[in-house]
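>>> Sequence first, predicted model second:
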Amino acid sequence: MNDPRNSFTVDKSAGVLGQLTEAQKDELLQQLLSRPAGKEFDLNAPVVIRTPYKEFPKAVYHHGSGRVVHVEDQNQLDMALKRGFEEKPAPDRDYSKINLAGIAAMKAEAPPREKEFSSADLAAMEQEEATVNAPAPSDDQGADLAFAPEDPQIQPQGDQQVGTQAQPRRSRR
């Protein structure tokens, strides 16, 4: 009966290298070391693969029907231009929504970006801003209350000194 062996316990490196002599191993090592090192590159400036400009294929657009046609050469472009197609897309068509027949949908009516205000609305808004941005009361009591501390023990009253008695510290255990 054969003993079962695990594949990870078998030394596979002895295969090809085990058959080489010491001189062959040294020659192989010298060949590997004599090869030029890998090309250096900058990670912040990746390699840009330049592709040559090709005029064709391109799309042409019919502004009346919304049809989009792809032309492969100058002859097809000339024929499409004779039939009323143009090289620039129509501004009233949505070319992200082209059906299977190659016709672009009309653009949806966009809502107005800004609301128009009447002069009465503008006057009311200015009045509201004036009341919100009004200066604080200038009497002495109002000014003191604006900067009064929340804890009454901190504020000195009369001849009393602040912090005359030390309070014991509590441990954090």
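Nice, thanks for sending it over. Residues are numbered from 1 along each chain as shown.
>>> Give me the phi and psi for F117.
When read as degrees, to the nearest 10, the backbone of F117 gives phi -110, psi 140.
>>> Show the pLDDT at it.
We have a pLDDT of 78 for F117.
>>> what's the answer for Q76, then?
95.
>>> Can I get the helix or strand where it lies as CSV, trimmed to CA atoms?
Using DSSP states H and E, Q76 sits in helix 74-82. In CSV, the C-alpha atoms belonging to helix 74-82 read as follows (Å, rounded to 0.1, in the frame of the first residue of the first chain):
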residue,chain,number,x,y,z
GLN,A,74,-15.1,61.1,-45.5
ASN,A,75,-17.4,59.8,-48.2
GLN,A,76,-20.1,58.8,-45.7
LEU,A,77,-19.6,62.2,-43.9
ASP,A,78,-20.2,64.1,-47.2
MET,A,79,-23.3,62.0,-47.9
ALA,A,80,-24.7,62.7,-44.4
LEU,A,81,-24.0,66.4,-44.6
LYS,A,82,-25.9,66.5,-47.9
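>>> Identify each buried residue in it, please.
Neighbour-count burial for helix 74-82, counted by 16 or more other Cβ atoms under 10 Å, picks out 76-77, 80. C-beta: built from backbone N, CA, C; applies to glycine.
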